[in-house]
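Asker: any chance you can model this:
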Amino acid sequence: MTQGSEAPSSRSYDAVVVGAGPNGLVAANHLADAGWSVLLLEAQPEVGGAVHSDRELHPDYVQDTFSAFYPLGVASPALQSLHLERHGLEWSHAPAVLGHARPDAEWAMLLRDRHRTAELMEAQSPGDGEAWLELSHTWDVIGEQVVGALLTPFPPVRHGSAALVKVARGGGLGLVKELLTPAQSLGKRFSGEAPGLLLAGNAGHADIPLTSPGSGLLGMLLTFVGQQVGYPVPVGGAGELAAALARRFESLGGEIRCRTRVDHVDVERGRAVGVRTADGERIGARRAVCADVLASHLYGGLVAPGDVPRRVAREMRSFELDPGTVKVDWALDGPVPWTVPPPHAPGTVHVADSVSQMGEALGQVAAGIIPADPFMLMGQMTTSDPTRSPAGTESAWAYAHVPHGESPDAGDGGVRGVWDHDDCERFGDRMQARIERLAPGFGSRVVARRVLGPRELEARDANLVGGALNGGTSQLHQQLVFRPVPGAGRAETGIAGLYLASASAHPGGGVHGACGMNAARAALAHARLTPWRR
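Answerer: Now for the predicted structure:
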């Protein structure tokens, strides 16, 4: 039994959800749909976690503080089932889904019209258009099952069975080989660079090495989901997605309390029975506690060491975070002055000179080296949603991954990896210089700039430890049945009534709500088999 001083007791709920990020909000909504009384607790002043927007850089500009584009959100059955458009959510799209800017060369472009995408590729390199449509057809065969298997509890029995049938009909072992091809090799089927840049760039959203199996599948997933549904953004800012989730939950009678940090999960006779807040309040949970918190926080503090199952405690010693992040926001007084204007304005922009240079930069991060020329993801938010800043201006951002802790610098040696103010500003200068090389005069259009390093990101969302965005590495040794520890792969924690609802659980990072939905479904399933404890 958990030890601790007696705390003042509050009312009890059927379920307490700890953390109001997108996964916590989805879990709370699904439990409320089942008729449960649910309390959602959040340490920050507002709900949303890494789905948040603000005007602190400039009052006329909306900046997405963390995440910005949501292809998996639109494709996710978990979010689709909530019908958030009925609760005020509106989506907006840039003219182009994605662009990869190249030095003194034409852009690699992804549009929602596959035939237009293929035409642009064909114009750059004859034969690539047809090859792109062939790869698109390959995704048509298997894509629905891949997305379904990814975003449902492990093992994905229904989608897995359907996938086996589709694979047999769609190319057998040849198709399997294609899905296992590393991202850095996928471009070899094309004569030009553009298709490979798009696929490898999307694979670079996670920390799977571009030379490893799994990276190609991720690259195809984000590329072809983007081609099907786009990379949409919520009208008015990322925070509008979180706000719609909160409005829906409250309309069902759910209760949200912000500025309320949970310090402890109470466990009695092997079962979670409630939580204790930082101010000493004890809140009962009759049926479940769903924790939208990093796995190392749950098992390394919220649950007393004596209550953590021995195997889980042992395996958590090797739990591995994904890399840190430095994010720069800009308020620009005009559009980005690209040397080579894109044929269609993209919302998302990838910045790397080539696939090999992208692999080099990501490899440096994996090796614990601060990259000299970081691979960058960039967002042109006013291009995507005109409400983000005044007409004729641009609200923009870019982020790059960095190693955790003090590290050697592959650049000029000016960044130490301690990520204090000076480190962040110097690395922000390095990122801005990369854009300046592709868009001379970019710096002269900057009205205001903000650099959020690993410390600042973690301070604004405790799940982003050291700026790690995905709740743990996305590499294969910590995915599927290995997430967050071997033998897991589901929301169950080994403690009855306690469910892991964060990106540390399968399927991992991304704004799709699947981790929260999986936790809620597990809680409901177990409750049907367990007498209701009043």
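Asker: mind listing the residues bridging to residue 402?
Answerer: residue 324 (DSSP bridges).
Asker: just to check, it is in contact with residue 467?
Answerer: Yes. Using Cβ atoms under 8 Å, residue 402 makes contact with residue 467 at a distance of 7.3 Å. Yep, even glycine has a C-beta here, placed from its N, CA and C like the rest.
Asker: neighbour count: the two, which is higher?
Answerer: residue 402 (28 against 25; other Cβ atoms under 10 Å).
Asker: contacts only, for the more buried one.
Answerer: 323-326, 365, 370-371, 374, 417, 419, 427, 454, 467 (Cβ atoms under 8 Å, 6 or more residues apart in numbering).
Asker: so how far is residue 450 from it?
Answerer: 17 Å (Cβ to Cβ, to the nearest Å).
Asker: what do you get for residue 273?
Answerer: 43 Å.
Asker: what about those two, which has more around it?
Answerer: Between residue 273 and residue 450, residue 273 has the larger neighbour count (other Cβ under 10 Å), namely 23 against 19.
Asker: tell me if I am right that that one is in a helix.
Answerer: No. Using DSSP: H, G, I helix; E, B strand; the rest coil, the secondary structure at residue 273 is strand, not a helix.
Asker: now it. Nearest residue, chain neighbours left out?
Answerer: Excluding the flanking residues, the one nearest residue 273 by Cβ to Cβ, 6 or more residues apart in numbering is residue 266, at 5.2 Å.
Asker: let me know whether that neighbour touches residue 274 as I believe.
Answerer: Yes. Counting by Cβ under 8 Å, residue 266 does reach residue 274; the two are 4.6 Å apart.
Asker: now list whatever residues contact both of the two.
Answerer: The contact lists of residue 266 and residue 274 share residue 282, where a contact means Cβ under 8 Å, 6+ apart.
Asker: picking that back up, mutual contacts of residue 402 and residue 467, please.
Answerer: In contact with both residue 402 and residue 467: 323-326, 419, 454, using Cβ under 8 Å, 6+ apart.
Asker: which two of those residues have the greatest separation?
Answerer: Maximum pairwise distance in these, criterion Cβ to Cβ, is 12.2 Å, between 323 and 419.
Asker: who touches both of the two?
Answerer: 402, 467.
Asker: in this protein, which helix has the most residues?
Answerer: helix 128-150 (DSSP state H).
Asker: could you say what helices and strands that one packs with?
Answerer: helix 114-124, helix 157-170, helix 173-180, helix 194-203, helix 215-229 (3 or more Cβ pairs under 8 Å, 6 or more residues apart in numbering; DSSP states H and E).
Asker: give me the distance from the following helix or strand past the last one to the chain's centre.
Answerer: The element immediately downstream of helix 215-229 (helix or strand, assigned by DSSP states H and E) is strand 233-234. Centroid separation between strand 233-234 and its chain, computed with Cα atoms, centre = their mean, to the nearest Å, is 14 Å.
Asker: and strand 233-234, what's its mean pLDDT?
Answerer: Strand 233-234 carries an average pLDDT of 98.
Asker: repeat for stretch 506-523
Answerer: pLDDT averaged over stretch 506-523 gives 95.
Asker: how far does that stretch sit from its chain's centre?
Answerer: Distance, centroid of stretch 506-523 to centroid of chain: 12 Å (Cα atoms, centre = their mean).
Asker: likewise stretch 268-283?
Answerer: With Cα atoms, centre = their mean, you get 29 Å for stretch 268-283.
Asker: now do stretch 350-360
Answerer: 21 Å.
Asker: pull it out as CSV, backbone CA atoms only.
Answerer: Extracted C-alpha coordinates of stretch 350-360, given in CSV (Å, rounded to 0.1, in the frame of the first residue of the first chain):
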residue,chain,number,x,y,z
HIS,A,350,11.7,20.9,-45.2
VAL,A,351,15.2,22.4,-45.2
ALA,A,352,18.2,20.2,-46.2
ASP,A,353,20.5,20.4,-49.2
SER,A,354,20.1,16.8,-50.2
VAL,A,355,19.0,13.4,-48.8
SER,A,356,22.6,12.6,-47.9
GLN,A,357,23.0,15.9,-46.1
MET,A,358,19.8,15.3,-44.2
GLY,A,359,21.0,11.9,-43.2
GLU,A,360,24.3,13.4,-42.1
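Asker: tell me which residues in that stretch are buried?
Answerer: 350-353, 355, 358-360 (16 or more other Cβ atoms under 10 Å).
Asker: just the buried residues of stretch 312-323, please?
Answerer: Buried, per 16+ other Cβ under 10 Å, within stretch 312-323: 312-313, 315-316, 319, 321-323.
Asker: quick one: mean pLDDT over it.
Answerer: Computed over stretch 312-323, the average pLDDT equals 95.
Asker: so how far is it off the chain centroid?
Answerer: Taking Cα atoms, centre = their mean, one finds the center of stretch 312-323 at 19 Å from the center of the full chain.
Asker: which residues does it contact?
Answerer: Residues contacting stretch 312-323 (Cβ under 8 Å, 6+ apart): 206-207, 295-296, 299-300, 305, 308, 365-366, 401-404, 465-475, 477-478, 484-487, 493-494, 509.
Asker: out of these, which are buried?
Answerer: 206-207, 295-296, 299, 308, 365-366, 401-404, 465-475, 478, 484-485, 493-494, 509.
Asker: tell me how many other residues crowd residue 124.
Answerer: If we define neighbours as other Cβ under 10 Å, then residue 124 has 20 of them.
Asker: check residue 37 too.
Answerer: The burial count for residue 37: 17, using other Cβ under 10 Å.
Asker: is it true that it touches residue 253?
Answerer: Yes. In this structure, residue 37 is within contact of residue 253 by Cβ under 8 Å, at 7.4 Å.
Asker: ok, for residue 127, nearest residue in space, not its chain neighbours?
Answerer: residue 191 (5.6 Å).
Asker: right, and that neighbour touches residue 125 too?
Answerer: Yes. At 4.8 Å, residue 191 counts as touching residue 125 under the criterion of Cβ under 8 Å.
Asker: in this protein, what helix or strand scores lowest on average pLDDT?
Answerer: helix 157-170 (a mean of 55; mean pLDDT, DSSP states H and E).
Asker: out of the shared contacts of residue 402 and residue 467, the closest to residue 75 would be?
Answerer: Using Cβ to Cβ, the shared contacts of residue 402 and residue 467 come closest to residue 75 at residue 325, 23.7 Å.
Asker: report the contact partners of that closest one.
Answerer: 399-402, 454, 457, 464, 467-469.
Asker: from the residues you listed, which land in strands?
Answerer: 399-402 (DSSP state E).
Asker: now what about stretch 77-90, what contacts it?
Answerer: Residues contacting stretch 77-90 (Cβ under 8 Å, 6+ apart): 26, 29, 73-74, 148, 151-152, 234-236, 240-241, 243-245, 247-248, 251, 512-514, 516-517.
Asker: tell me which of the buried residues of stretch 350-360 fall in strands.
Answerer: 350-351.
Asker: closest one of the buried residues of stretch 350-360 to residue 97?
Answerer: Of the buried residues of stretch 350-360, the one sitting nearest to residue 97 (Cβ to Cβ) turns out to be residue 350, at 11.5 Å.
Asker: give me the below-cutoff pLDDT ranges for the chain.
Answerer: Scanning the chain for pLDDT under 70 picks out the ranges 1-10, 154-175, 488, 531-534.
Asker: lovely, talk soon.
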